[in-house]
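Trainee: no sequence on hand, only this structure:
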């Protein structure tokens, strides 16, 4: 009788555990009491744009010791959905926009795999059904119709013909042209797109013939997309935006381009924004900008900005120029410039030189070990304090390696401007700087008697790891070095000074994944949001 009662009790428990066919996943058995094994990482993730608003995803299924319950979908680092199938359709997207996806598998015991390799895809341009495709070939003729079988010869002619909704395809080869501008603008739903023909490399080369020979010169035009182009040479930039009509130069996207070899005498850049106070909505995404010409002097930057409103600089790689991003002048306006998920390395000078307010500098890897200048310098340039504003910047979750110091908050000396005030420095990993003159975090703001921002410029620093073997005083405020908890900052909370333990620091150039912190490392899971201090390296770079 006792055996019968036990059997009936076991059946009753089994019937109420939520794993019946009504759960929608009857093929997955219930987890054992000690199931701690995560599913395998999904592989072969493929993203395919099927329209201007939809990208279809598919991948090879994961396996698990008990069974895979489903998959988490991530877009640009944020979870967007779950699914039980090894495929997903992401709808409601924006036209002519690049998205980066990853997938992770989970099981019934809430074990989650690592995320898959990234798959990036760009939605097509929105079309009203009237957009034309034009083709350019080095063997074409500008007297042709521009069809695939009758291509134009020059990029300039195609840019003069294209209207809203049109796409220009450049066939493989080198086009020696400069100052190419568009005759027309696109619209928010019908941009003009210029791109390389699928599977071919199209190069626009501005040469080196002195002033104003930039290959692409977009001035007074809007809603333009430059995609998968190779840009070489030119003076003072590879791509120049603005100058004469900055107010009408807006909503420009530059993505997946390879830009190198530009020339210049003073201020020059791979991408040059000359916007005054009017240029707006510029997106610089997933480009490789590198190796300015030897004739360029120390003013060369991958991206140089003379004032603009909203600018997004995201998921690029900048290498072997004088500076990564040089924001030279700015006006007092509420718009935000974002520098996020970029890999900036081997600079001759600063990785980021920043005279701008309301900046968000987030999740970048800056690697300039052996460099002789600051990695991030926020400062107030020149004497006119009325419009050169450098307050309220946020420097968050960056991995900053090398240089004479990690972050320098300063001002132009002798003019009485407040400089880099109201700065937030949070969740960064600053490592291996080389000079005790500036330290890992140096605060050198205006400190005259009676100034409302004395002595630290209202700097807020929390949850940062700052470590270099050169000394034990990693923060410097107006000439005095301090131990990690003693610096007189407006906020100085939960900062640490201990050596981080990376996966493989010596091999970081081979794979950024080697900059991830190992289990047990200082800074592991101790940022203000519970993540690792420093950048999430899985999100960094063009991908």
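Mentor: Yep, that arrived. Computed from a predicted structure; not experimentally measured.
Trainee: pLDDT weak spots in this protein?
Mentor: Applying pLDDT under 70 to the chain picks out residues 1-33, 125-130, 295-298, 330-331, 370-371, 381-389, 411-417, 445-455.
Trainee: show me it divided up by domain.
Mentor: For the chain, automatic domain parsing gives the domain ranges 43-122, 227-539.
Trainee: could you redo the ones you listed as a markdown table and give each row mean neighbour count and distance to residue 211?
Mentor: Heads up, the C-betas are built off the backbone N, CA and C, glycines and all. Converted to a markdown table, those look like this (neighbours: other C-beta atoms under 10 Å; distance: least, C-beta to C-beta, whole Å):
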| stretch | mean neighbour count | distance to residue 211 |
| --- | --- | --- |
| domain 43-122 | 17 | 32 |
| domain 227-539 | 21 | 6 |
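Trainee: just send those domains back as a markdown table, with distance to residue 37 too.
Mentor: Formatted as a markdown table, these follow (distance: least, C-beta to C-beta, whole Å):
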| stretch | distance to residue 37 |
| --- | --- |
| domain 43-122 | 5 |
| domain 227-539 | 17 |
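Trainee: between those domains, which one is closest to residue 149.
Mentor: Ranking those by proximity to residue 149 (C-beta to C-beta) places domain 227-539 first, at 22.3 Å.
Trainee: any idea how far apart the tips of that closest one sit?
Mentor: Chord length of domain 227-539, first to last residue, is 21 Å (C-alpha to C-alpha, to the nearest Å).
Trainee: ok, back up a step: which one of the domains of the chain lies nearest to residue 166?
Mentor: Closest among the domains of the chain, once you apply C-beta to C-beta, is domain 43-122, at 12.4 Å.
Trainee: how distant is that closest one from the center of its chain?
Mentor: With C-alpha atoms, centre = their mean, to the nearest Å as the basis, the distance from the averaged C-alpha position of domain 43-122 to the chain average is 21 Å.
Trainee: residues contacting stretch 144-164, please?
Mentor: Contact partners of stretch 144-164, identified using C-beta atoms under 8 Å, 6 or more residues apart in numbering, comprise 131-142, 168-171, 175, 177, 180-187, 190-192, 194, 204, 223.
Trainee: mind running it again at 6 Å?
Mentor: When contacts are defined by C-beta atoms under 6 Å, 6 or more residues apart in numbering, stretch 144-164 is touched by residues 134-137, 140-142, 168, 175, 177, 180, 182-184, 186-187, 190, 192, 204.
Trainee: of all the domains of the chain, which one is nearest residue 214?
Mentor: Ranking these by their distance to residue 214 (criterion: C-beta to C-beta) puts domain 227-539 first, at 4.2 Å.
Trainee: what about the helices in the stretch 1-150 of the chain?
Mentor: 2-14 (DSSP state H, counting those that start in this stretch).
Trainee: strands of that one, residue ranges please.
Mentor: 43-49, 55-60, 68-75, 78-83, 87-90, 98-107, 119-122, 133-136 (DSSP state E, counting those that start in this stretch).
Trainee: please name every helix or strand in contact with the fifth one.
Mentor: It refers to strand 87-90. Judged by 3 or more C-beta pairs under 6 Å, 6 or more residues apart in numbering; DSSP states H and E, the packing partners of strand 87-90 are strand 55-60.
Trainee: what lines up beside the strand it packs on in the sheet?
Mentor: Sheet partners assigned to strand 55-60 using DSSP bridges are listed as strand 43-49 (antiparallel), strand 87-90 (antiparallel).
Trainee: can you lay out those strands as TSV showing distance to residue 463?
Mentor: Shown next, in TSV, are the strands paired with strand 55-60 (distance: least, C-beta to C-beta, whole Å):
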stretch	distance to residue 463
strand 43-49	32
strand 87-90	33
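Trainee: of those, which is nearest residue 255?
Mentor: Taking C-beta to C-beta, strand 43-49 is the member of the strands paired with strand 55-60 nearest to residue 255, at 13.4 Å.
Trainee: just the angle between the closest one and strand 68-75, please?
Mentor: 50 degrees (axes from the mean of the first three to the mean of the last three C-alpha atoms, to 10 degrees).
Trainee: tell me which element residue 158 falls in.
Mentor: Assigned by DSSP states H and E, residue 158 belongs to helix 155-161.
Trainee: repeat for residue 175
Mentor: Assigned by DSSP H and E, residue 175 falls in strand 173-176.
Trainee: I'd like to know which elements that strand is packed against.
Mentor: strand 202-205.
Trainee: what does the helix or strand following the strand it packs on contact?
Mentor: Remark: after strand 202-205, the chain's next helix or strand is strand 216-218, criterion DSSP H and E. Under the contact criterion C-beta under 6 Å, 6+ apart, strand 216-218 has outside partners 179-181, 224, 239-241.
Trainee: strands - which of the residues you listed land there?
Mentor: Assigned to strands by DSSP state E, the following of the contacts of strand 216-218 qualify: 224, 239-241.
Trainee: most widely separated two among those residues?
Mentor: For the ones in strands among the contacts of strand 216-218, the farthest-apart pair by C-beta to C-beta is 224 and 240; their separation is 12.9 Å.
Trainee: what's the span of stretch 513-532 from first residue to last?
Mentor: Stretch 513-532 has its terminal residues 13 Å apart, counting by C-alpha to C-alpha.
Trainee: was I right to think residue 270 contacts residue 288?
Mentor: No. Residue 270 is beyond contact range of residue 288, at 9.4 Å (criterion: C-beta atoms under 6 Å).
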